[in-house]
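>>> Predicted model and sequence follow; I will ask about them next.
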Amino acid sequence: MSKHLKIKDSDELFEVNNIFCIGRNYLDHIKEFGQTEKPEKPVVFLKPNSAIIESGQKIAIPEYEGRKISKSLHYETELVVAIGRNGKNISEESAEEHIFGYAIGLDMTLRDIQNEAKQKGYPWTTAKGFHTSAPLSEIIRRNDSINPMNLDLELEINNVRKQFGNTSVMIFNIYKLISYISSIFSLQKGDLIFTGTPAGVGEVDPEDLLEATLGNGLLKLIVEVDG
Ligand code: MG
């Protein structure tokens, strides 16, 4: 199954391949979990591309055997980098050439399941990759007027600001991330990279309306939590 995202000001679609995600990329977010140590290397995990939803669609906690699998659905607002060209061992200097564009995304997380996985040493896949866990805006093409190293990220829930950050304070900037990921996994046209969340993460409730904004109105994503 392929997933396609709209491209801003275009009739073309962006076909999504793999979705890489980075954890612990903002110190203020690391600190809100009671830790102070920056990671030495980027923390990488994956979401399946079937987890994508777009503006107007709903986020839902999955059910298994008639019961919701989690009691703690969290938002994380993140800059997402869309890759436009295949590459392996990409240098930081040439990383920009591999970028097709940018989106704003929510790395939805089942926090109770993630905490249990951390404790037991299990993978995060269920907590991070469940159906609807990757709400994404349309993609804006890379251009000279966008500086990805200085973009505001904002999330409002029911019109109240819950998260605000700026990409300038990432621990590993996007060129470093592209270089690192491409050295280990390779990067392909169509891949997305969720680049990590600033502080202010928290829980959502049924019927909450989430409005994420990138770069002061450059891109918007509006999704609702299922009732
Ligand atoms: Mg995240």
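In hand now; what should we look at?

>>> Show me what from the chain comes close to the ion.
76, 107, 197 (Cβ under 5 Å from the ion). Just so you know, the C-beta spots here come from the backbone N, C-alpha and C atoms, and that holds for glycine as well.

>>> what's the burial count for the residue nearest to the second one when sequence neighbours are not counted?
Right, the one you point to is residue 107. The spatially closest residue to residue 107, leaving aside those adjacent along the chain, is residue 76, at 4.1 Å (Cβ to Cβ, 6 or more residues apart in numbering). Residues lying near residue 76 (other Cβ atoms under 10 Å) number 23.

>>> how much space is there between residue 216 and residue 181?
Residue 216 is 28 Å from residue 181, where distance means Cβ to Cβ, to the nearest Å.

>>> which of these two has more neighbours?
Using other Cβ under 10 Å as the criterion, residue 216 and residue 181 rank with residue 181 on top: 22 against 8.

>>> distance of the most centrally placed residue in the chain from residue 176?
Central residue check for the chain by Cα atoms, centre = their mean: the C-alpha nearest the mean position is that of residue 194, 3.4 Å away. For residue 194, the distance to residue 176 (Cβ to Cβ) stands at 15 Å.

>>> do residue 127 as well
Residue 127 is 25 Å from residue 176, by Cβ to Cβ.

>>> re the thing from before, in TSV: the residues of the chain next to the ion, plus secondary structure and pLDDT.
As requested, the residues of the chain next to the ion are exported to TSV (DSSP: H, G, I helix; E, B strand; the rest coil; pLDDT from 0 to 100):
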residue	secondary structure	pLDDT
76	coil	97
107	coil	98
197	coil	95
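
>>> Other residues contacting the helix or strand of the chain with the lowest mean pLDDT?
Here the helix or strand of the chain ranked lowest by mean pLDDT, DSSP states H and E is helix 27-32, holding a mean of 87. Contacting residues not belonging to helix 27-32 are listed as 24, 36-38, 165, 169, 171, 196-201 [Cβ atoms under 8 Å, 6 or more residues apart in numbering].

>>> And for the residue of the chain found nearest the ion, the neighbour number?
In the chain, the residue that lies nearest the ion is residue 107 (3.4 Å; Cβ to the ion). Using other Cβ under 10 Å, residue 107 has 26 neighbouring residues.

>>> And it, its phi and psi?
phi -90, psi 80 (degrees, to the nearest 10).

>>> Tell me how far it lies from residue 155.
From residue 107 to residue 155 the distance is 11 Å (Cβ to Cβ).

>>> that older thread, what residues does the residue nearest to the centre of the chain make contact with?
19, 20, 21, 22, 47, 78, 80, 105, 107, 134 are the contacts of residue 194 under Cβ under 8 Å, 6+ apart.

>>> switch to 10 Å and redo it
19-23, 25, 45-47, 76, 78-81, 103, 105-107, 128, 134, 136, 177 (Cβ atoms under 10 Å, 6 or more residues apart in numbering).

>>> now do residue 76
21, 23, 29, 105-109, 111, 128, 155, 163, 194, 196-198, 200-202.
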